[in-house]
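Colleague: quick one: sequence and predicted model below, then my questions.
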Amino acid sequence: MAYTFFERDRSWLKFNRRVMDEARDVERVPLLERLRFLAIYSNNLDEFYATRVAFLQRVVQLSQRKQKMAKAENAEQVLDEILEETKLLNQAFERAYADIIRALRKENIYIVNERQLNKGQQAQVVDYYQHRIRTRITPVMLGKHSRLPHLRAHSIYLAVVLRLKEGSSYALVEIPDTLPRFFQLQARAPRRVVILLDDIIRFNLSEIFALHPHNEASAYTFKISRDAELDFNDDISHGVLENLNKTLKQRHLGNPVRLVYDIQMPVDLMQFLMNHFQGYELENTVPGMRYHNFRDFMDFPDFGHKSLTYTPLPVHQVKGLTLKRSLFASIANRDVMLAYPYHSFDNLMHLLQEAATDPRVQTIYATFYRLADESEVAHALIKAVENGKKVVAVIELKARFDEERNIEWSERLSDAGLQVHFGFPNYKIHTKLILIERTDEKGKSQFISHIGTGNFNENTSRVYQDISILTANQQIGREVHQVIQFLVVNPFTPGEYKHLLVSPVNMRQRIERMITREIAIARRGRKARIMIKINNLTDRRIIERLYEASNAGVQIRIIGRSNICLVPGVPGQSENIEVIRLVDRLLEHARLYWFGNNGRDDMFIGSADLMERNLDHRVEVLVKVYDTQVRKQLQDLFEIQWTDTLKARRIDSTGADQPRSGGKPVRSQYELSKYFAPPIKPARPGKPTTAVKKTTASRTPRRAAGATA
């Protein structure tokens, strides 16, 4: 049977449109958070062009045979559709931004340009330019036959035109990224006035070009996106770090894939600029607004207007855990689920600190994909080494856009005495594992395992919705140890796994086998079901198996976030499959797999999405959940999110995100915050009671995270 699929890149654009929708949600999203959602949308789009569009452009250059091998035979058509859809999205973006600017003015917050300054503000702008900006500006004059200087990806440039009666000359100015993008101007209270760095430079153009005759000077923003794919050299004759450092330098030289320019740019200046871009083949030339690099608006000041940002979510302690006693003892009694950001990241830090000081702990193993700039986790492991523990860290150096930070941490950890490994060629290490090896009171070896869906990053733990399992199950611990040995000792002996699904070893086969089992259950006339919470669902083999399950009568529910290539609700293909996309203030990042198994419910959590890269080209781990209490929590988490009517959207057979109607209003991230709150203890008899009001409104830290891809 010929099945239908959504094209993955167009599906992603629909997801990013859903991100933009958050910027238009006047009722539920505070004003400055709406502005930050536009910043997230813009940053997502920049990365999309640097990765997916760049890939498609490379594919177009291949022969038809190689295009088929790359599974992108229609790459040229997809590129055309992306360009047209992006232009429509840009128009919606501009309307959303204009609405936000009007709303900011009602709050006495004004973003002004260089033509809207009073005399006092003009003097302030000149002073700031002279003392902070002038020495960081080096204009480049462009002659008719001069070569265009190297333009950095995602830097902002001003294309400058200097007018004289007898003609015009042109120049480039790079806006320095070492200064804040926003500068607050003097204004009479309660007004708050902000000018962008771009416009401060515009105001001082006559000073910058004082040595170049002109009657009029004007400047227009543009930027380029470059191919960010790294052609990593796995030649073992050179060190891994040396190879990657060389490759990272090439990223700045990647082929341009998009030019975004101010739509107000004069025709002659635009033509002059495009002449200098000859040979770059910039098919994706996109007119835009006055300001680019909109991701900088994530740091737009709030001026103390707390009502314009989210109220912080309360952080709860896990029921049964306390930071005043051994976590090892608590985990020995039962498995523990950590649900971020509802639970405190301090639980994980307490576990590592206890491991660092416990005399019975011999070895700590950890895998890292993305670390914070000043990682508390890394510092805890350094302390463990100082206390005489053996610490083995597996660091993925090729985590896209975090390569330089991971290189830095690998060097710092190695210098501190940790055994640092980088996995092996051709497979990214994406799994999130910590394994603590110790001896118990009887001298017997004991494992404490952590398997999670999110990175060991205290910053993202506050804005990403993730799950971790802490367990003293020794069978699971031994299998986690096998995975570590597979990574650092013997990649040719991956091991055998009963309790873990490990890619590229057995995950695909086990998932397909469990789908097949649900098909068999349904064909016997029994209730069969599959529930999946995931970020991306693009693997065609898995989707085809889900279609077969639907046709057999298996009821399938999928909570997705970004790329969903499965087409739901098609008669004879997927009429028993329902899919919702959930985008809200927290980034939905957890992965949960739940198979009915004739009432015996098999549940797994871990790092893997259902994408070909995750199943076949990365090291990923899913763990089977056995603890009754944790299973109940996971079931409740899924059911609460499935009932979301305010932020979840139903994906229909056309790929559109449709609002969900009916039932009471449910915003699942807020409901989960209440769900994970510890119960309030009743007052003792005879004691006066104090009413306790739970806070369910929420507020993210500085960087809103509702939609980062």
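Modeller: Perfect, thanks for sending it.
Colleague: low-confidence regions, the stretch 101-250 of the chain specifically.
Modeller: 145, 230-250 (pLDDT under 70).
Colleague: typed the wrong thing, it's the stretch 551-700 of the chain
Modeller: 680-700.
Colleague: for it, which segments count as helices?
Modeller: Assigned by DSSP state H, counting those that start in this stretch, the stretch 551-700 of the chain shows helices spanning 612-616, 628-642, 668-675.
Colleague: how about TSV for those helices, with mean neighbour count added?
Modeller: The way it works is simple: take the backbone N, C-alpha and C, and place the C-beta from them, glycine included. Formatted as TSV, those follow (neighbours: other C-beta atoms under 10 Å):
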stretch	mean neighbour count
helix 612-616	19
helix 628-642	17
helix 668-675	20
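Colleague: which one of these lies nearest to residue 189?
Modeller: helix 668-675 (34.4 Å; C-beta to C-beta).
Colleague: for that closest one, name the packing helices and strands.
Modeller: helix 628-642 (3 or more C-beta pairs under 8 Å, 6 or more residues apart in numbering; DSSP states H and E).
Colleague: only C-alpha atoms, please: export the helix it packs on in CSV.
Modeller: Extracted as CSV, the C-alpha positions of helix 628-642 are listed here (Å, rounded to 0.1, in the frame of the first residue of the first chain):
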residue,chain,number,x,y,z
THR,A,628,4.7,1.2,40.2
GLN,A,629,4.7,4.7,41.5
VAL,A,630,6.9,6.1,38.7
ARG,A,631,4.7,4.3,36.1
LYS,A,632,1.6,6.0,37.6
GLN,A,633,3.3,9.4,37.5
LEU,A,634,4.2,8.8,33.8
GLN,A,635,0.7,7.8,32.9
ASP,A,636,-0.7,10.8,34.7
LEU,A,637,1.8,13.1,33.0
PHE,A,638,0.7,11.8,29.6
GLU,A,639,-3.0,12.0,30.3
ILE,A,640,-2.7,15.5,31.7
GLN,A,641,-0.9,16.7,28.6
TRP,A,642,-3.3,14.8,26.3
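Colleague: check which element follows the lengthiest helix in the chain along the chain.
Modeller: Secondary structure of the chain read by DSSP state H shows that its longest helix is helix 75-106. Later in the chain than helix 75-106, the nearest helix or strand by DSSP states H and E is strand 109-112.
Colleague: what helices or strands is that following strand leaning on?
Modeller: helix 75-106, strand 192-196.
Colleague: ok, which of those comes nearest residue 118?
Modeller: Short answer: strand 192-196, nearest of these by C-beta to C-beta, at 9.5 Å.
Colleague: and the gap between residue 549 and residue 517?
Modeller: 10 Å (C-beta to C-beta, to the nearest Å).
Colleague: touching, residue 414 and residue 420? I think so.
Modeller: Yes: between residue 414 and residue 420 there is a contact at 4.5 Å, judged by C-beta atoms under 8 Å.
Colleague: residue 549 and residue 517: which is more packed in?
Modeller: residue 549 (25 against 18; other C-beta atoms under 10 Å).
Colleague: per-residue pLDDT, the more buried one?
Modeller: We have a pLDDT of 98 for residue 549.
Colleague: wasn't it part of a helix?
Modeller: Yes: under DSSP: H, G, I helix; E, B strand; the rest coil, residue 549 sits within a helix.
Colleague: mind listing what it touches?
Modeller: Contact partners of residue 549, counting by C-beta atoms under 8 Å, 6 or more residues apart in numbering, are 515, 518-519, 522, 528, 530, 556, 576.
Colleague: which of the helices and strands packed on strand 109-112 sits closest to residue 448?
Modeller: Comparing the helices and strands packed on strand 109-112 by C-beta to C-beta, helix 75-106 comes nearest, at 46.8 Å.
Colleague: show me what the closest one is packed against.
Modeller: Using 3+ C-beta pairs under 8 Å, 6+ apart, helix 75-106 is in contact with helix 8-23, helix 31-48, helix 54-60, strand 109-112, strand 285-288.
Colleague: quick check: buried residues in the helix or strand following the last one?
Modeller: This means strand 285-288. The helix or strand immediately downstream of strand 285-288 is helix 327-333, counting by DSSP H and E. Using 16 or more other C-beta atoms under 10 Å as the burial criterion, the residues of helix 327-333 that qualify are 327-328, 330-331.
Colleague: farthest pair in those residues?
Modeller: Across the buried residues of helix 327-333 (C-beta to C-beta), the longest gap, 7.4 Å, separates 328 and 330.
Colleague: residues contacting residue 109?
Modeller: By C-beta under 8 Å, 6+ apart, the neighbours of residue 109 are 192, 194, 303, 305.
Colleague: could you dump those into CSV and include distance to residue 446 and neighbour count?
Modeller: Compiled in CSV, these are given as follows (distance: C-beta to C-beta, whole Å; neighbours: other C-beta atoms under 10 Å):
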residue, distance to residue 446, neighbour count
192, 58, 19
194, 57, 19
303, 53, 15
305, 52, 16
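Colleague: would you point out the most distant pair within those residues?
Modeller: Spanning the widest gap among these are 194 and 305, at 12.8 Å by C-beta to C-beta.
Colleague: if I look at residue 6, how far off is residue 541?
Modeller: Taken as C-beta to C-beta, the span from residue 6 to residue 541 is 16 Å.
Colleague: same check, this time on residue 212
Modeller: Separation of residue 212 from residue 541 (C-beta to C-beta): 62 Å.
Colleague: next: residue 134.
Modeller: 59 Å.
Colleague: what's next to stretch 188-195, contact-wise?
Modeller: 108-114, 117, 121, 125, 182-187, 300-301, 303.
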